[in-house]
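A.B. asks: the amino acid sequence is not available; the structure is as follows:
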Ligand SMILES: [Fe+2]
């Protein structure tokens with residue numbers, strides 16, 4: 001990330017800053033890796049430690065489904081039941097010690113403020129728009145945005161009334177742009193599929209001075225700790241640094257094509273510990289006259305591959321539509337289904353839009369995944385080739 005500042009900070013760190021009423025503001029350093037990683041400094045009207053009531057601690061229950069067989073899976077998340085708010089309504093699909101992947105179709109307003117105290121979050125907005133109220137200022141979002149929220153950020157979703165459908169990632173590690181896209185100073189390189197101009201932190205800062213009773217829920221130690229505050233928690237008067245939430249639209253990802261097939265790493269968007277998040281975007285396809293523009297069969301010997309389909313058509317997978325998910329676990333090869341390589345010859349472009357998460361360690365499945373699993377997908381490679389559909393455009397690049 002780059003240095004950002006909102007509001008007026010003092011000329012030197014750790015020196016006096018008063019608001020217009022003469023109040024000495026409380027400085028908070030919010031940083032990673034002790035005092036060695038990226039940090040921001042925030043100036044509060046109140047001590048960020050101030051709570052008036054300690055409420056209950058609610059463990060987050062994970063209900064695991066251990067399938068009887070080790071096979072590929074196709075999940076249909078389109079009909080997932082709406083429940084909860086944009087945080088409590090996140091329904092876990094799969095997880096390991098590095099990342100959790102959840103689907104969220106919220107039905108309630110988010111009343112309590114939320115702070116993730118044990119992980120960074122990426123929320124891909126499939127449907128909906130609105131803004132987040134955050135410690136760092138309001139953050140507008142719309143469909144196709146990735147919302148990246150570093151741990152420690154207090155926030156509250158404020159949808160604009162539109163239907164919301166989110167794919168939410170949580171990691172105990174850090175969400176970063178891939179190291180190979182950055183120079184030694186941290187600036188994104190010319191060959192990166194995006195530039196700093198595509199990342200949008202809060203443009204303004206709104207300081208709340210209201211007093212009253214406010215609920216704050218902090219995710220920590222595998223549960224949710226509830227607190228009550230007697231002041232509005234978004235009381236920051238100024239901040240600066242490298243840590244803040246931001247949005248990045250998948251539509252701003254600049255896809256890479258090649259004369260022959262390019263592998264999934266060209267689609268990488270974010271990195272976390274032992275996992276990557278990739279964006280498959282509309283693009284021109286391989287232009288060598290002998291190129292096969294859809295992927296070869298591949299064995300992901302050390303990774304699991306989850307793809308969430310967002311839009312476009314997906315002719316290389318039967319039964320795959322926007323809102324469905326494939327999971328190709330490690331230990332098994334996978335490939336486009338029979339006949340589709342032949343059909344793809346001569347195709348010049350794809351309009352696919354998908355979000356992929358590859359993890360290097362096995363993913364566990366939730367009981368929700370069992371509800372959404374079609375149960376037939378593992379046998380789909382043994383069926384007769386699909387008939388060529390007029391106008392179909394074979395894709396699925398992973
Ligand atoms: Fe793949």
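C.D. replies: Nice, I can see it. What you see is a predicted model; the values in this text were computed from it and never measured.
A.B. asks: ok, residue 43 to residue 205 distance?
C.D. replies: 10 Å (C-beta to C-beta, to the nearest Å). Backbone N, C-alpha and C define where each C-beta goes, glycine included.
A.B. asks: mutual contacts of these two, please.
C.D. replies: Counting by C-beta atoms under 8 Å, 6 or more residues apart in numbering, the shared contacts of residue 43 and residue 205 are 7, 236-239.
A.B. asks: can you tell me which two in those are farthest apart?
C.D. replies: Pairwise distances across the shared contacts of residue 43 and residue 205 peak at 8.5 Å for 237 and 239 (criterion: C-beta to C-beta).
A.B. asks: measure stretch 133-152 end to end?
C.D. replies: 14 Å (C-alpha to C-alpha, to the nearest Å).
A.B. asks: that one - what's its average pLDDT?
C.D. replies: The average pLDDT for stretch 133-152 rounds to 98.
A.B. asks: try stretch 352-360
C.D. replies: In this model, stretch 352-360 has an average pLDDT of 97.
A.B. asks: briefly note if that stretch comes near the ion.
C.D. replies: No. For stretch 352-360, no contact with the ion is found by C-beta under 5 Å from the ion; the gap never falls below 8.2 Å.
A.B. asks: list the contacts of that stretch.
C.D. replies: Residues contacting stretch 352-360 (C-beta under 8 Å, 6+ apart): 96, 98-99, 101, 124, 144, 167, 169, 250, 264, 267, 274-282, 300, 302-314, 395-398.
A.B. asks: need the buried ones from those selected in PyMOL.
C.D. replies: Here is the PyMOL command that picks out the buried ones among the contacts of stretch 352-360, judged by 16 or more other C-beta atoms under 10 Å:
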select buried, resi 96+98+99+101+124+144+167+169+250+264+267+274+275+276+277+278+279+280+281+300+303+304+305+306+307+308+309+310+311+312+313+314+395+396+397+398
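A.B. asks: about what we covered before: residues shared between the contacts of residue 237 and residue 239?
C.D. replies: 7, 43, 205.
A.B. asks: let's see which of the contacts of stretch 352-360 end up in strands.
C.D. replies: 101, 124, 167, 169, 275-280, 304-311 (DSSP state E).
A.B. asks: now stretch 277-297, how far from the chain's geometric center?
C.D. replies: 24 Å (C-alpha atoms, centre = their mean, to the nearest Å).
A.B. asks: show me which residues of that stretch are buried.
C.D. replies: 277-281, 283, 285-286, 291-295.
A.B. asks: so can I have TSV of the residues you listed showing pLDDT?
C.D. replies: Listed next are the buried residues of stretch 277-297 as TSV, based on pLDDT from 0 to 100:
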residue	pLDDT
277	98
278	98
279	98
280	96
281	96
283	95
285	94
286	94
291	95
292	93
293	90
294	89
295	89
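A.B. asks: which among these gets closest to the ion?
C.D. replies: residue 295 (6.3 Å; C-beta to the ion).
A.B. asks: any idea how far the closest one lies from residue 367?
C.D. replies: For residue 295, the distance to residue 367 equals 31 Å [C-beta to C-beta].
A.B. asks: the residue in the stretch 101-250 of the chain positioned nearest to the ion pairs with what?
C.D. replies: Using C-beta to the ion, the closest approach of the stretch 101-250 of the chain to the ion is made by residue 101 at 16.3 Å. Here residue 101 sits in beta bridges with residue 94, residue 169, going by DSSP bridges.
A.B. asks: how near is the residue in the stretch 201-350 of the chain positioned nearest to the ion to residue 379?
C.D. replies: Closest contact between the stretch 201-350 of the chain and the ion, by C-beta to the ion, is at residue 305 (4.8 Å). In this view, residue 305 and residue 379 are 19 Å apart by C-beta to C-beta.
A.B. asks: next up, phi/psi of the residue of the stretch 1-150 of the chain found nearest the ion, please.
C.D. replies: For the stretch 1-150 of the chain and the ion, the shortest gap (C-beta to the ion) falls at residue 72, measuring 10.2 Å. Phi and psi for residue 72, reported as degrees, to the nearest 10, are phi -70, psi 150.
A.B. asks: and the residue positioned nearest the centre of the chain, what is it in contact with?
C.D. replies: Among the residues of the chain, residue 122 comes closest to the average C-alpha position under C-alpha atoms, centre = their mean, at 2.7 Å. Taking C-beta under 8 Å, 6+ apart, we find residue 122 in contact with 146-149, 168-169, 175, 270, 277.
A.B. asks: between those residues, which sits nearest residue 223?
C.D. replies: residue 168 (17.3 Å).
A.B. asks: number of nearby residues for the closest one?
C.D. replies: Counted with other C-beta atoms under 10 Å, the neighbours of residue 168 add up to 23.
A.B. asks: please enumerate the helices of the stretch 1-150 of the chain.
C.D. replies: For the stretch 1-150 of the chain, no helices are identified by DSSP state H, counting those that start in this stretch.
A.B. asks: likewise for the stretch 201-350 of the chain?
C.D. replies: 340-344.
A.B. asks: contact residues of it facing the ion?
C.D. replies: residue 305.
A.B. asks: which residues of the stretch 201-350 of the chain score low on pLDDT?
C.D. replies: 314-319 (pLDDT under 70).
A.B. asks: bridging residues for residue 73?
C.D. replies: Going by DSSP bridges, residue 73 forms beta bridges with residue 327.
A.B. asks: and it, how many neighbours does it have?
C.D. replies: 21.
A.B. asks: can you pull the pLDDT of it?
C.D. replies: At residue 73, the pLDDT value in this model is 97.
A.B. asks: do the same with residue 392
C.D. replies: For residue 392, pLDDT reads 37.
A.B. asks: distance between the ends of stretch 65-73?
C.D. replies: Note: stretch 65-73 ends 13 Å apart using C-alpha to C-alpha.
A.B. asks: so for that stretch, what gets flagged as buried?
C.D. replies: Counting neighbours by 16+ other C-beta under 10 Å, one finds that the buried residues in stretch 65-73 are 72-73.
A.B. asks: give me the contact list for it.
C.D. replies: 325-329, 331-332, 334, 364-367, 369-370, 373-374, 377-378.
A.B. asks: which of the residues you listed fall in strands?
C.D. replies: 325-328, 334, 364-366.
A.B. asks: which of these count as buried?
C.D. replies: 325-328, 334, 365-366.
A.B. asks: report the two of the residues you listed separated the most.
C.D. replies: Within these, 334 and 366 form the most distant pair, 21.5 Å apart (C-beta to C-beta).
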